[in-house]
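>>> let me see the structure of the following:
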Amino acid sequence: MSLSSSKTPGKGGSLNISLPMRLTAPLLVLVFGVMATWLNYTLTLDANLARDLSSVRQRAGGVAARLAAMSEHLLADNLQRVVQLELTSMFDVPELVSAGIVDSRGIILADSSGRWAGFPVQGTTLAPAATLIRPVNKVVIEIGENAERVYAASPFALPRGGVGWALAELNRQQAINGAREDARTQFYWISGAMALLSFMLWAILHYGYASRIARLAGGIQEWGAGRRDRTLMPGGGDEVGRLAEVFNTMADRLQSQEVDKLRLEREVLNISERERRRIGHDLHDSLGQRLTAASMTANAMLEQLKSTGPLLTAHGELVAQQLREAIAEARSLSHGLAPVSLEADGLMAALRELATSVSRSGKVRCVLDCPQPVLLPNVETATHLFRMAQEAVNNALKHASASEIRIGLEVQGDNVILEVDDDGVGLDETPAPPGENREGPGLGLRVMRYRAQLIDGQVDFGPAPAGGTRVRCVAPAR
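Have a look, this model is predicted:
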């Protein structure tokens, strides 16, 4: 499982980037989760700021209203000093920055700092709140704010007529910091939860699926290469485990069919070889003996004709010659049908006879290179090796235009090694065009591979050291 993308860094070029799905999916979840968390952080912060602003506005209005009621009562009793004491001792509102009482002329009657009594409100710390003073006909509370402060102004009736104002200024920075801290804490917790969720998703995809699918792919690849190992296949009751179980069932069925097919083909080939051997023995033992007896009779008759009928001597010699040729042909046919004898050294003798027969033609020199005696008690293995050597020699004669052929036979450890080298043109490895049925050594090579498989061997085709082609088969010497 992977996600691929490409981009072109230059003209005619491309850069491919591929990420496995077990990384892509958690990363996408993490990215979208963080984006959603950031949006939630923004919305939460805005909501908290709005809520805290409303709360501070209410407290500011409450402070201004309380100061207005208190000042109206105390000033009516001419207790302006008490108003000042009440203002300088206000500690129950932590956000309070300043508070004051202003008459209708804009003169400060009392303030929380105790510094501005008798001064005009303009130019003092109460000036921002004083901007809320309006002509009023009824009791209202004016609220204003900037980035960090909230102001409130509440009117009240003065004892000698007119309207006074109670002013209050509250600092909302603490509320802002609290709202931001709450939103930031929530952002961190949700981001941490998204990171943990992404890690868990990666772990599930990696250990639960990706690594097991990789094991399944490796097991299938090993099976395709001829190496079957059930320990490579993943288990479990999920989809991957069921897929591995289905593949194992299919592989078992195919392997069983392959074993049955190989057994049947081996039996057919063995029956064919046994029938060839029987016919060869019949030719040698029956027809060959009859032809030999007829040849001896013809030779005896020829001796008599030399003295009694000289005119028939030429005809007698022709009959004797034809009988000798028939005997040679029957012997050749019997050897071709049963080339390997039942003796342990039958393969060496058969290969030597093959080399001699090829060299006798006079067109190609063929030699047997067997430095040490090679004894194979298994007639089936010896027969298949001979047939492979025979096919390789025939291919060299027909298709390679070779002038020399070497047949090598030796034993190394528990294996017997057969090599057939020629100095011809070599194998044609170019593929045939579509639709063309190219005749040549292709079928012979497939037959040689099949024969090697029947004797648990391995055959390779490649260049010979002196040029041309080398056919090399390694099989158990049993």
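>>> could you double-check that Gly209 sits in contact with Gly236?
Quick fix: residue 209 reads Tyr, not Gly. No. In this structure, Tyr209 is not within contact of Gly236 by Cβ atoms under 8 Å, at 10.1 Å. C-beta: built from backbone N, CA, C; applies to glycine.
>>> out of these two, which sits in the more crowded spot?
Tyr209 (17 against 12; other Cβ atoms under 10 Å).
>>> quick check: that one is in a strand.
No. With DSSP: H, G, I helix; E, B strand; the rest coil as the criterion, Tyr209 is assigned helix and is not in a strand.
>>> measure it to Asp238 for me?
8 Å (Cβ to Cβ, to the nearest Å).
>>> got it, and Leu75?
Distance from Leu75 to Asp238, by Cβ to Cβ: 84 Å.
>>> looking at those two, which is more packed in?
Per other Cβ under 10 Å, whichever of Leu75 and Asp238 has more neighbours is Leu75, with 22 against 12.
>>> quick check: that one is in a helix.
Yes. Assessed with three-state DSSP, Leu75 lies in a helix.
>>> got any ranges where the stretch 251-400 of the chain has weak pLDDT?
265-266, 268-295, 302, 305-306, 309-313, 315-316, 320, 323, 325-344 (pLDDT under 70).
>>> swap the cut-off to 90 and go again
251-364, 370-388, 390-391, 393-400 (pLDDT under 90).
>>> now stretch 28-35, how far from the centre of its chain.
25 Å (Cα atoms, centre = their mean, to the nearest Å).
>>> tell me the mean pLDDT over it?
Computed over stretch 28-35, the mean pLDDT rounds to 78.
>>> can I get it as PDB, trimmed to CA atoms?
What follows is stretch 28-35, C-alpha atoms only, in PDB (Å, rounded to 0.1, in the frame of the first residue of the first chain):
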ATOM      1  CA  LEU A  28      -3.100  12.800   6.800                       C
ATOM      2  CA  VAL A  29      -5.000  12.100  10.000                       C
ATOM      3  CA  LEU A  30      -2.400  14.100  12.000                       C
ATOM      4  CA  VAL A  31      -2.400  17.000   9.500                       C
ATOM      5  CA  PHE A  32      -6.200  17.300   9.200                       C
ATOM      6  CA  GLY A  33      -6.500  16.700  13.000                       C
ATOM      7  CA  VAL A  34      -4.100  19.500  13.800                       C
ATOM      8  CA  MET A  35      -5.900  21.800  11.300                       C
END
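>>> what lies in contact with that stretch?
Here stretch 28-35 makes contact (Cβ atoms under 8 Å, 6 or more residues apart in numbering) with Ile190, Ser191, Met194, Ala195, Leu197, Ser198, Leu201.
>>> packing partners of the helix or strand containing Ala382?
Assigned by DSSP states H and E, Ala382 belongs to helix 379-399. Here helix 379-399 is seen to pack against helix 239-282, helix 346-360, strand 404-412, strand 415-422, helix 442-454, strand 469-476 when contacts are counted using 3 or more Cβ pairs under 8 Å, 6 or more residues apart in numbering; DSSP states H and E.
>>> distance of the residue of the chain most remote from its centre from Gln321?
Using Cα atoms, centre = their mean, the residue of the chain lying farthest from its centre is Thr308. It sits 95.2 Å away. From Thr308 across to Gln321, the span is 21 Å (Cβ to Cβ).
>>> go on, Leu375?
40 Å.
>>> what about these two, which has more around it?
The neighbour count for Leu375 versus Gln321, taken as other Cβ under 10 Å, is higher for Leu375 (15 against 12).
>>> would you confirm that that one contacts Thr381?
No. Counting by Cβ under 8 Å, Leu375 stays clear of Thr381, with 11.5 Å between them.
>>> got any residues that touch both of the two?
With Cβ under 8 Å, 6+ apart, Leu375 and Thr381 have no common neighbours.
>>> can you show me the helices along the stretch 101-250 of the chain?
In the stretch 101-250 of the chain, the helices defined using DSSP state H, counting those that start in this stretch lie at 127-130, 173-203, 211-224, 239-282.
>>> packing partners of the second one?
Yep, that's helix 173-203 we're talking about. helix 21-76.
>>> can you list the buried residues in the next helix or strand after the helix it packs on?
Per DSSP H and E, the first helix or strand lying C-terminal to helix 21-76 is helix 80-88. Neighbour-count burial for helix 80-88 flags Val82, Val83, Gln84, Glu86, Leu87 (criterion: 16 or more other Cβ atoms under 10 Å).
>>> repeat that for stretch 211-224.
Buried, per 16+ other Cβ under 10 Å, within stretch 211-224: Arg212, Ile213, Arg215, Leu216, Gly219, Trp223.
>>> pretty sure the second one sits against Gly241.
Translated: Ile213. No. Between Ile213 and Gly241 there is no contact under Cβ under 8 Å: 10.9 Å.
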